[in-house]
Structure formats: C-alpha cells, structure tokens
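*Asks:* The sequence and its predicted three-dimensional model are supplied below.
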Amino acid sequence: MTEKLPDIIEGIRAEHPEVWSAYTALEEKAAAAGALDKKTQRLVKLALALGAREQGAVHSHTRRALKQGVRRDELLHVAYLGITTLGWPHATAGRSWILDILDGESD
C-alpha cells in the first residue's frame, strides 16, 4: 500500500515494517477468505467503520471506495441503512463523514 496514511500510522510503518507487512498480509488473506466481491467488501468495511463511529476510518473507506468506482449514492446508502441499526444520531454523523470526502471538505 503506497497511499499516504495518517502520520502516526506512517511512523509505525517506517519503524516496524515487519508489523506493517504482517498487517497488510492479514488484510489480503481476510479479503480472499470469503465470497464477497471487492466492491461489497469495501461497502461492508465502510459500514463497520460507521458503526464503530470511527470518523477517520469512514473517511479512509470512503476514499478507497471512490477509487474503486463506488458511486456517491451507494456510499450514502450505507449511512441510510444505519438509521434503523445504529439510530439517527450515529447514522447522520456517518453520513456527514462520508459527505466530508464526497464534497471535498476533508483530505
């Protein structure tokens, strides 16, 4: 993975490349372990980030999804699905974090 990550993660990657290598290998193995296609995997990861209320992870998975060709309406649908599972406050917060990236308000 060559994308720029938050400084704290970049530091770990630089200081302990073996840990980073193991982490990325686990990510690859987990992705290959099931029947979900890459787009569905990305939407699930976005949903998990939203459910965990991790703004940075929502931003990251939204960016990655866009690079994979996931459409705006598909990304926002993830937040709408959260309404009945997570509740309005958490789903709307997640929606706003997705919109941060879609509308270019965050890097």
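*Replies:* Sure, I can see it.

*Asks:* In terms of helices and strands, where is the residue nearest the centre of the chain?
*Replies:* The residue lying closest to the centre of the chain (C-alpha atoms, centre = their mean) is residue 61, at 2.1 Å. Using DSSP states H and E, residue 61 maps to helix 55-67.

*Asks:* Run through the neighbouring helices and strands of that helix.
*Replies:* Applying 3 or more C-beta pairs under 8 Å, 6 or more residues apart in numbering; DSSP states H and E, we find helix 55-67 packed against helix 38-51, helix 72-81, helix 88-102. The C-beta positions use only the backbone N, C-alpha and C, and glycine is treated the same way.

*Asks:* Return the distance of the shortest one from the chain's centre.
*Replies:* Taking C-alpha atoms, centre = their mean, to the nearest Å, the mean C-alpha location of helix 72-81 is offset from the chain mean by 13 Å.

*Asks:* from here on, count from 23
*Replies:* Sure, I'll start counting at 23 from here, so that last one is helix 94-103.

*Asks:* Give the buried residues for it.
*Replies:* Within helix 94-103, the residues scored as buried using 16 or more other C-beta atoms under 10 Å are 97, 98, 100, 101.

*Asks:* Domains in this structure, by residue range?
*Replies:* 23-56, 57-129 (automatic domain parsing).

*Asks:* got these as JSON lines, with mean pLDDT columns?
*Replies:* As requested, those are exported to JSON lines (pLDDT from 0 to 100):
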{"stretch": "domain 23-56", "mean pLDDT": "90"}
{"stretch": "domain 57-129", "mean pLDDT": "95"}
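
*Asks:* And stretch 100-116, what's buried?
*Replies:* Buried residues in stretch 100-116, counting neighbours by 16+ other C-beta under 10 Å, are found at 100, 101, 104, 108, 112, 113, 115, 116.

*Asks:* Could you check how far the residue nearest to the centre of the chain is from residue 126?
*Replies:* 17 Å (C-beta to C-beta, to the nearest Å).

*Asks:* All good on my end, thank you.
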